[in-house]
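In: one predicted model, sequence on top.
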Amino acid sequence: MKAQPLVSLKKSLAHPARTTIAAVLALLAARALGLPEVCWAPISAMVVMQSTLGATLTVSWQRLAGTALGSAAGALLAVCFGPSLIAFAAGVFGLGLLCAALRLDKPAYRFAGITLSIIMLVVRAAPAWVVGIHRFVEISVGIVAGLLLSALWPEQETKRVEITHQEHSTNKQ
């Protein structure tokens, strides 16, 4: 009976280990690229690691597309209008319409809106277009690190054990 707690402990430790490794790889890659706000890479990696590989592949494409749209829209709106509330609201709404027109799902819109917010609402010394490029690269590095680790060390899905009526009857005897 001691094997059961060890198996449970191993399963409990695997996800935090995978997530930590992905976050550290993303952080190291962002630092190696000399990105100014490396924190976005491990954050993105941790978001990716919350899904299974199959779900991660599907959703990560959406996240990358949303990040690209949010970076471009945020930089454009920040350059043209500065930190305007009306421009921000129009940007968030416009991204929703654009994602719908491109048939992108909610993860794309979510990342687009978050990226737009980061670019438009946090005042920085660098030009908005530079901030937009940096955000896209930082978040993309995290997504790629999470995808890579998910592919190299896939999460073990729990298998549901079904006991057939016959097995159940045999066990009672």
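Out: Yep, that arrived.
In: distance of Gly24 from Pro42?
Out: Quick fix: residue 24 is Val, not Gly. As judged by C-beta to C-beta, to the nearest Å, Val24 and Pro42 stand 7 Å apart. For the C-beta atoms, the positions are set from N, CA and C on the backbone; glycine is no exception.
In: all helices in this structure, in order from the N-terminus.
Out: Taking DSSP state H as the criterion, the chain contains helices spanning 3-32, 40-48, 53-81, 85-101, 106-121, 128-152, 165-172.
In: adding mean pLDDT and mean neighbour count, write those out as a markdown table.
Out: Compiled in a markdown table, these are given as follows (pLDDT from 0 to 100; neighbours: other C-beta atoms under 10 Å):
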| stretch | mean pLDDT | mean neighbour count |
| --- | --- | --- |
| helix 3-32 | 88 | 15 |
| helix 40-48 | 94 | 24 |
| helix 53-81 | 91 | 20 |
| helix 85-101 | 97 | 15 |
| helix 106-121 | 94 | 22 |
| helix 128-152 | 93 | 22 |
| helix 165-172 | 46 | 9 |
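In: for stretch 13-24, C-alpha coordinates in PDB please.
Out: Output of stretch 13-24 as PDB, limited to C-alpha atoms (Å, rounded to 0.1, in the frame of the first residue of the first chain):
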ATOM      1  CA  LEU A  13       5.600  17.000  -8.100                       C
ATOM      2  CA  ALA A  14       5.600  16.600 -11.900                       C
ATOM      3  CA  HIS A  15       3.500  19.600 -12.800                       C
ATOM      4  CA  PRO A  16       5.400  22.100 -10.500                       C
ATOM      5  CA  ALA A  17       8.700  20.700 -11.800                       C
ATOM      6  CA  ARG A  18       7.600  21.100 -15.500                       C
ATOM      7  CA  THR A  19       6.200  24.600 -14.900                       C
ATOM      8  CA  THR A  20       9.400  25.700 -13.100                       C
ATOM      9  CA  ILE A  21      11.700  24.400 -15.800                       C
ATOM     10  CA  ALA A  22       9.600  26.100 -18.500                       C
ATOM     11  CA  ALA A  23       9.600  29.400 -16.600                       C
ATOM     12  CA  VAL A  24      13.300  29.300 -16.000                       C
END
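In: now do that stretch: everything it contacts.
Out: For stretch 13-24, the external contacting residues (C-beta atoms under 8 Å, 6 or more residues apart in numbering) are 42, 45-46, 48-50, 145-146, 148-150, 153, 155-156.
In: how about stretch 58-75?
Out: For stretch 58-75, using C-beta under 8 Å, 6+ apart, the contacting residues are 44, 47-48, 51, 91, 94-95, 98-99, 102, 104-105, 107-120, 128-129, 131-133, 135-136, 139-140, 143, 146-147.
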